[in-house]
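A.B. asks: How does the following fold in three dimensions:
(chains A and B, ligands or ions: 2)
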There are 2 protein chains.
Amino acid sequence: MTETQGTASPSRRALIGWGGAGLALGAAAAGSAVAMTRTGNDVDPAGTATGVAVDFHGAHQAGIATPVQDRLHFAAFDVQTDDRAEFVQMLKDWTAAARRMTAGRTVGDGAYGGLPEAPPDDTGESLGLKPSRLTLTIGFGPSFFEKFGLADKRPEALVDLPQFPGDNLDKSRTGGDLCIQACADDPQVAVHAIRNLARIGFGKVAVRWSQLGFGKTSSTTPDAQTPRNLMGFKDGTRNIAGTETDRLKKFVWAGEGDGPDWMTGGSYLVARRIRMNIETWDRTSLQEQEDVFGRDKGEGAPVGKAKEHDEPFLKAMKPDAHVRLAHPDSNGGVTILRRGYSFTDGTDGLGRLDAGLFFLAYQRDIRRGFIPLQRKLSATDALNEYIQHVGSAVFAIPPGVRDKDDWWGRSLLTEEA
Amino acid sequence: MTETQGTASPSRRALIGWGGAGLALGAAAAGSAVAMTRTGNDVDPAGTATGVAVDFHGAHQAGIATPVQDRLHFAAFDVQTDDRAEFVQMLKDWTAAARRMTAGRTVGDGAYGGLPEAPPDDTGESLGLKPSRLTLTIGFGPSFFEKFGLADKRPEALVDLPQFPGDNLDKSRTGGDLCIQACADDPQVAVHAIRNLARIGFGKVAVRWSQLGFGKTSSTTPDAQTPRNLMGFKDGTRNIAGTETDRLKKFVWAGEGDGPDWMTGGSYLVARRIRMNIETWDRTSLQEQEDVFGRDKGEGAPVGKAKEHDEPFLKAMKPDAHVRLAHPDSNGGVTILRRGYSFTDGTDGLGRLDAGLFFLAYQRDIRRGFIPLQRKLSATDALNEYIQHVGSAVFAIPPGVRDKDDWWGRSLLTEEA
Ligand code: HEM
Ligand code: HEM
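C.D. replies: Ligands and ions are numbered 1, 2, ... in the order given. Coordinates of the predicted model:
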């Protein structure tokens, strides 16, 4: 269970007491004390209302089947330490911090009531902000298994991606030993979380690359309004809903016997930074745009149908239409859970916006999810004229943290396992 | 006045009628029609509730004294055309688009009911989103006045900034003939606005650089909770409030006789991209952090005082404290209006987050605002150990667009003027 408690006036707070209370009281006189709990929101049972906390604990990590939050900060890290014990301690510290931050609390108890001669436990920029449905999801990349003698623990389902036609990958936005996906309805809460984990990991891990997503492009909430991507089309219409337990089990969660035991209840993530040729797209006719997807732009209905959620009739679409090619019926049933975000990262030096889709897909096995789909799309998708894949990474997403004594990666990293 | 109208079901919409209604009706049968009005929100009289529209018209441009919105997309453009008439037409087209977008409407009437063989009038990604208090604010940079024979119209108050100690400016994030500041409570609405203006300007202007700001750092609403910057400190405590008409007149708006007539009711903007050495800062003691600003981190109170809004006693602060140095009493009364945003743009290739403050300051005269302040700060501010100015630009912000026949820059660009 997540814990939240109300903020209080300085005087009341001083009475509640926390680690270093004496110091905090002293500091309060100089105006230095703040509550280490950020807000007074309760946990949201449905998990859809903005502002509340999402439970950090469970059989699966939050942030996958969780209704998609509005904003993203995604970071890939490289491991710097060779000391397994030190690394495990960091994972425990990360877990403790994640547990608190997702509940809307500061990282430590002595955020601003601690020793004045020590750095604060928390960097502070999310004080006063709501939990904002923050979820933090950790993953381990292929290169991670070259460390700490873990080679034989690498799941077969975590394959290195092949080079696809049209790939133009920037090494500085590709790969990574670890990832943290931070999703929240307030971007400052997501940025704060990544930044504090990076701070805690200082000297043990370093950020390899990071990506801000300003707008969700995929919905996993069937009854909500489907968000639009930067091509102006509704995105996520035919996605796996967070409530479809059966399809999640079939397509997203690694099951018993699927691979190593430590991954049971986990999933596999493919992240692709996909740049859009915005300027070319914007000068393309409405007809061509709709042909590219096989859906209309206003309503999002499949060709020849009236409503967004009408069943697509694939043969009415152009043979190279994105939806026709990506649909499970064209791929022997292959189905992934999409959870991507739009990005805009300034300009590219040629007067064009560096914008597109940071594509995130969760699946039970990358070999039976992203790879066959992307093989087909990269070969024939009409969309290819307007996009380019410029960053790429894959991660094994371990199962959820069960309770307050559990920690991220325990099933992989405990000696007995 | 801004115009908003309710969204309606396809059938009702078809009855309302709009430009190209026949086509739209045809398209509706194929599910193609959407309302060109995005939402059903009304104009917000107080201008502080999320979601509503802010009036585009007025004596001053919106986006300066307007209560600060949560998110920013800022773009600097260079002019490519030599044809003054063509450029003026673009400004008129921009104004018409800005008027509609700030009211929560799509750019054109035929967004998705237009000719299928033509590109849509609007790129579409903000369909279904609220007006989100979008403001669009235009400015003209020094280099603009080298074009179209406008040299003698350049205001003296729009000086080129000197090189300050510590400046490490990246040319690709510096300067620009024009700027558009887009502020909104939803980033997708801000990004959509800049992108559509860039699209309309295609061939006439090109984006030189752009900056996304994910969190406001300055408040201009005295009773609201002061936001925190990425150093974790409340920022904007002692700012000019949007309601302080007298101080706005004294410090922000260019008055009659201040300079050229075309600027009366306008202002001057200094934009600085200020990188923070996040990693160093995060390992700095609480005491040092508080000494740097001369305020405490939790409450935001000035040294020796209990509450954020208590009057600072400057002599209690270290001589090099940021607030002591920046305070009007230390600068013969110099006062600016701050409207900056936090940014995080991935990493810098050295495993550090490229994060900081995109500083935006409005003032009546740059020579009596930013320059004297920054001369002092760049020489002695304790904060300098933790920050670096890496981008810079200045713009003359013309007065507001008065009514539906007026357009951005008219007072500068009409032949009679
Ligand atoms: C910038 C790149 C992309 C854009 C703009 C894009 C956009 C869209 C849109 C608008 C739809 C239709 C609405 C929906 O059902 O969600 C869609 C569907 C889909 N896309 Fe993409 N997509 C992109 C890349 C990819 C990639 C790389 C993959 C996988 C390799 C993919 C897999 C799918 C799948 C599986 C569907 C659902 C098909 C169905 O069941 O009908 N997309 N995409
Ligand atoms: C990353 C860079 C900066 C940071 C983190 C920062 C932060 C702060 C903070 C925390 C305050 C105290 C709260 C408040 O009254 O708003 C403040 C005050 C102020 N800052 Fe900055 N600032 C930065 C750069 C600048 C620059 C470049 C200028 C102008 C050249 C400036 C001018 C001011 C002024 C005028 C005040 C109000 C002083 C007063 O009236 O008490 N700041 N700043």
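A.B. asks: Report all helices and strands that the biggest helix by length in chain A contacts.
C.D. replies: Assignment by DSSP state H gives helix A:84-102 as the longest helix of chain A. Helix A:84-102 is packed against strand A:135-140, helix A:187-200, helix A:410-413, with contacts defined by 3 or more CB pairs under 8 Å, 6 or more residues apart in numbering or on different chains; DSSP states H and E. Bear in mind the C-beta positions are built from the backbone N, C-alpha and C, glycine included.
A.B. asks: Please identify which of the ones you listed is closest to B:F358.
C.D. replies: Counting by CB to CB, B:F358 lies closest to helix A:187-200 out of those; the figure is 13.8 Å.
A.B. asks: which element is the one residue sitting closest to the centre of chain A on?
C.D. replies: Centroid-nearest residue in chain A: A:Q181, 3.4 Å away (criterion: CA atoms, centre = their mean). In this structure, A:Q181 sits in strand A:178-184 according to DSSP states H and E.
A.B. asks: swap in A:A271?
C.D. replies: Here A:A271, judged by DSSP H and E, is contained in strand A:267-276.
A.B. asks: all helices of chain A, in order?
C.D. replies: A:10-16, A:21-29, A:84-102, A:187-200, A:245-251, A:278-282, A:286-293, A:322-326, A:370-380, A:410-413.
A.B. asks: Mind pulling the model confidence for A:G110?
C.D. replies: At A:G110, the pLDDT value in this model is 63.
A.B. asks: that older thread, ok, which of the helices and strands packed on helix A:84-102 comes nearest ligand 2?
C.D. replies: Nearest of those to ligand 2, taken as CB to the nearest ligand atom: helix A:187-200 at 14.7 Å.
A.B. asks: Is that closest one positioned near chain B?
C.D. replies: Yes - Helix A:187-200 is in contact with chain B by CB under 8 Å from any CB of the partner chain, via A:P187, A:Q188, A:V191, A:I194, A:R195, A:A198, A:R199.
A.B. asks: I'd like these laid out as a markdown table, including pLDDT.
C.D. replies: Shown next, in a markdown table, are the residues of helix A:187-200 next to chain B (pLDDT from 0 to 100):
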| residue | pLDDT |
| --- | --- |
| A:P187 | 95 |
| A:Q188 | 96 |
| A:V191 | 97 |
| A:I194 | 97 |
| A:R195 | 96 |
| A:A198 | 96 |
| A:R199 | 95 |
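A.B. asks: Point out where chain A drops to low pLDDT.
C.D. replies: Chain A contains residues with pLDDT under 70 at A:1-50, A:110-113, A:415-417.
A.B. asks: so who does the closest residue to A:L314 other than its chain neighbours touch?
C.D. replies: For A:L314, ignoring the flanking residues on the chain, the nearest one in space by CB to CB, 6 or more residues apart in numbering or on different chains is A:R324 at 4.7 Å. Counting by CB atoms under 8 Å, 6 or more residues apart in numbering or on different chains, A:R324 touches A:G294, A:P312, A:L314, A:M317, A:K318, A:S330.
A.B. asks: got it, and A:V189?
C.D. replies: If you count contacts by CB under 8 Å, 6+ apart, A:V189 has them with A:M101, A:S126, A:L129, A:K130, A:P131, A:S132, A:L134.
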